[in-house]
Structures are given as C-alpha cells and as structure tokens.
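[1] Need a 3D model of the sequence below.
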Amino acid sequence: MNVFILMACISATIFSCSSIKKESEKSVMKSLAHTDSTYIKLDRWLNKQTTKGFKGSVYMVSNGDIIIDKPYGQQDTTLPLAYWIASNSKPIVGLAILKLEEDKKLSVQDPITKYFQNVPSDKQHITIHHLLTHSSGLPHGYATDNIQTYEKALEAVMKVPVNKEQIGMFEYSNNGYALLVLLIEKLTGKTYERFVEKAIFKPADLEHTGFWGFEKENVFIQPPFDSLRAAKQPATMYDKGKSVINYGQKGSSGIYSTAKDQYKIFIAMMNGEIISKANVEKSFKPYVFVSENEDIKTYYAYGWFVGYRGNQLINIRHSGEETWLGHNSMRIFYPNGDGIVVLSNSNLTEEEDVWAVQVAYNLEYLLDLMKQ
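    Numbers count the residues shown, from 1 in each chain. Below is the predicted model of the structure:
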C-alpha cells in the first residue's frame, strides 16, 4: 500500500513538493504485484542473512510502497522491537537546532562565544554551523562520557584541544555534538530529552522512540550482543541491564527506536511537520566535503551525510554503531520519500563489517538490480 503520494511540484527544486501524504496502514504486505514479487525476493535474501548471524528489523519503502516491515532472527514478542541507534541520533540534534533557529533563539552562524562564557581561545572561532557540520576542529572523542551534570560536561568539552589544521574541514566529532546539546539545554532551560520529546518526537508521532536513561515499557529494547561486555561498563553509563542517564549519551548517541519510527520521522521532516520546508532544504545542503565515489560526492550537512551528483541531491543517510552494546543502525533515504531503515543488535559480520550498514547497502543494490 502507498505510504505517501508525492504532490505536484510548483518548481523543479527537490523540496518544492507540497506534501508527502501519509495514509492508514491496514496491510503492510498487500500491494501491487511487482511489489509482492520484490518482497519475496528481498525477504528470501534477508532470511539467508540470519543464517550468517544477522538479527534486526527492516523497514523499506520503494515507489511509495512499504515492501518490508518485519524483524529477522529475533525472539517472539508482542511489543515493538527497539534498538539503540547510536550516531543516528545526530540528525535529531540538527532538527533541534533548526527548530530553535525558527523560534528566534539562535542563528546557525552565531559563534559559541555568544552563548558560553570563558570560551578558551582555541575555540572562539567555533560557530554553531561548525559544530553541526563536524568542521569546528574539535576532534572525535567522548569527553562527556559518564558525566551526569551540565557544568561538568561543559567543562569537559571546553578542555578538549582543537585540531587547528582541521578547522573548516570534515572531522567527525561526538564532542561537537555534545556541545550542541549543552547549547540546546542552555537556551531552552529544559533537559535535552524534554525539549526533543515535545518539539520533535510528538509532531512526528513517534510512539516507540525514547532516550538513554528513560526506557519506556511500551517497547522491547533488544538486549546487548555481548551481555558480559555490557556488564563491564561503568555504573554511571549502564547498570544492571539498564541505561543510566549521562551526557555522553546525549545528542551524539543515546536514542532507542524502532525501524518504523525511524522512517516516520524522516517523512514528518519532509512534510514540514517539525521544521519549515525551507529549513528542510537547508538541512540537506552540501556544506562540508567528505568523500567522492565515481560521480557522487558525499558531504556532511546538518546532522546527515548527503550524496550529490553535480547539483542534484541523490540520497540522505546516516549510520550508527554502539560498539560495546553490539547495536547498530543504517538509514538511507531519497528525495522522493523512499527509504531503507535497518536496525540490528548483531554487532559485526564475519568480515567485521557493521551488520546494519552491510544489510542496508545490499538491499539498496538488490532493489536497483530488480528495477533494471
């Protein structure tokens, strides 16, 4: 069945479509004949992956049809299956910042010195845009891990030395996103979780998505891949099989969700239900160059990796891996609203690839072959 109908576009720009229309979901797998055939082939391939160790949930939409919405290799439960999505939490931070910009609380071009006092000299150049695009020079790291107070978390990030050679260039940085979360809390006077729940999760109707340290009972959060390894984590991070709130799991990580919810939030975003469509377009612009593969260049936008062929947006994606939990995630979306979401708690393949990433890219490849 159709999840959405692309409305007539007024202009040729990608985001000028008036809406991506959502319909009721009475039957996921009943669709057009070609979709049924596609489902059978992809489902067969996914079941084969479970014999190699894959466990996870897949949500896949092609040509407006839901072709897969099911778990693979998982135990039976009546509750929706949720996973920790790790760095796939970063697009949420991007949405939160753009929401605050719409509310006139900030500008993405503002320097952090406008909001934080006593900023060290090596960080006074940093703007919100730098942090969103991983181009501030703050190196990758986990300065706020196991810290449970705002003041100590801010102090920890400010102590991280900047790599001056990387300023303005892409260098993936959890520390940068930790600083964005601290900014959000400062400007809103609320916890990051409370602000995001109301400003993003509620309008997107995410019923089965939540935060580190705030696990709901309406989902079954998949267990760690290696329970013994998880048990060795500090009690300020993970204790007795439960997540413990700390700033290391805010923003750069720290969200659990279902595969369906991770598709729903993308559609809500594209429909302008969270931020304006002008800001949706802004969030996908090619800001900082990352890599090039054949004729497609990858850039980092506001919380997303975006692929461009010339001036044309081809795809929007992000991955996530919570290594010690064995949970990982991959989302690949397209400007027309199609997408692939894979969430897993099966850690790595025999070749030491991340399972969710491996499965998502193979599904994309197989679907392309079927369309030829």
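[2] Does Met330 fall in a helix, a strand, or a coil region?
    Met330 carries the three-state label strand when classified by DSSP: H, G, I helix; E, B strand; the rest coil.
[3] Could you find the closest non-adjacent residue to it?
    In space, and not counting its chain neighbours, Met330 is closest to Ala360: 3.8 Å by CB to CB, 6 or more residues apart in numbering. Glycine gets a C-beta too; all of them are placed from N, C-alpha and C.
[4] For the helix or strand hosting the one you found, name the packing helices and strands.
    Element membership of Ala360, judged by DSSP states H and E, is helix 355-371. Secondary-structure packing of helix 355-371 (3 or more CB pairs under 8 Å, 6 or more residues apart in numbering; DSSP states H and E): helix 33-50, strand 56-62, strand 312-322, strand 327-333, strand 339-344.
[5] rewinding a little: residues near the residue nearest to Met330, how many?
    Residues near Ala360, counting by other CB atoms under 10 Å, number 26.
[6] what's the answer for Lys250, then?
    Lys250 - counted by other CB under 10 Å - has 29 other residues nearby.
[7] Ramachandran coordinates for it?
    Note on Lys250: backbone dihedrals following degrees, to the nearest 10 are phi -110, psi 120.
[8] Numbering from 507 from now on, please.
    Understood, numbering begins at 507; the last thing we discussed is Lys756.
[9] Point out the most buried one among the helices and strands packed on helix 861-877.
    Comparing the helices and strands packed on helix 861-877 by mean neighbour count (mean count of other CB atoms under 10 Å), strand 845-850 comes out on top with a mean of 30.
[10] circling back to that earlier point, tabulate the CA atom coordinates of the helix holding Ala866 in CSV.
    Output of helix 861-877 as CSV, limited to C-alpha atoms (Å, rounded to 0.1, in the frame of the first residue of the first chain):
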residue,chain,number,x,y,z
TRP,A,861,25.6,-5.6,10.1
ALA,A,862,23.0,-2.8,9.7
VAL,A,863,25.2,-1.0,7.2
GLN,A,864,26.0,-4.2,5.2
VAL,A,865,22.4,-5.2,5.0
ALA,A,866,21.1,-1.7,4.1
TYR,A,867,23.6,-1.2,1.2
ASN,A,868,22.9,-4.7,-0.1
LEU,A,869,19.2,-4.1,-0.1
GLU,A,870,19.7,-0.9,-2.0
TYR,A,871,21.9,-2.7,-4.5
LEU,A,872,19.4,-5.6,-4.9
LEU,A,873,16.5,-3.3,-5.4
ASP,A,874,18.3,-1.3,-8.0
LEU,A,875,19.0,-4.6,-9.9
MET,A,876,15.3,-5.5,-9.8
LYS,A,877,14.3,-2.2,-11.3
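[11] thinking again about what came up before, please convert the helices and strands packed on helix 861-877 to JSON lines, extending it with distance to Ala737.
    As requested, the helices and strands packed on helix 861-877 are exported to JSON lines (distance: least, CB to CB, whole Å):
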{"stretch": "helix 539-556", "distance to Ala737": "26"}
{"stretch": "strand 562-568", "distance to Ala737": "22"}
{"stretch": "strand 818-828", "distance to Ala737": "15"}
{"stretch": "strand 833-839", "distance to Ala737": "15"}
{"stretch": "strand 845-850", "distance to Ala737": "21"}
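[12] now these as JSON lines including mean pLDDT and distance to Lys746?
    Formatted as JSON lines, the helices and strands packed on helix 861-877 follow (pLDDT from 0 to 100; distance: least, CB to CB, whole Å):
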{"stretch": "helix 539-556", "mean pLDDT": "85", "distance to Lys746": "30"}
{"stretch": "strand 562-568", "mean pLDDT": "97", "distance to Lys746": "25"}
{"stretch": "strand 818-828", "mean pLDDT": "98", "distance to Lys746": "18"}
{"stretch": "strand 833-839", "mean pLDDT": "99", "distance to Lys746": "18"}
{"stretch": "strand 845-850", "mean pLDDT": "99", "distance to Lys746": "24"}
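[13] The residue lying closest to Asn553 once chain neighbours are set aside - how many residues pack around it?
    Nearest residue to Asn553, sequence neighbours excluded (CB to CB, 6+ apart): Tyr578, at 6.7 Å. Other residues near Tyr578 come to 20 when the count uses other CB under 10 Å.
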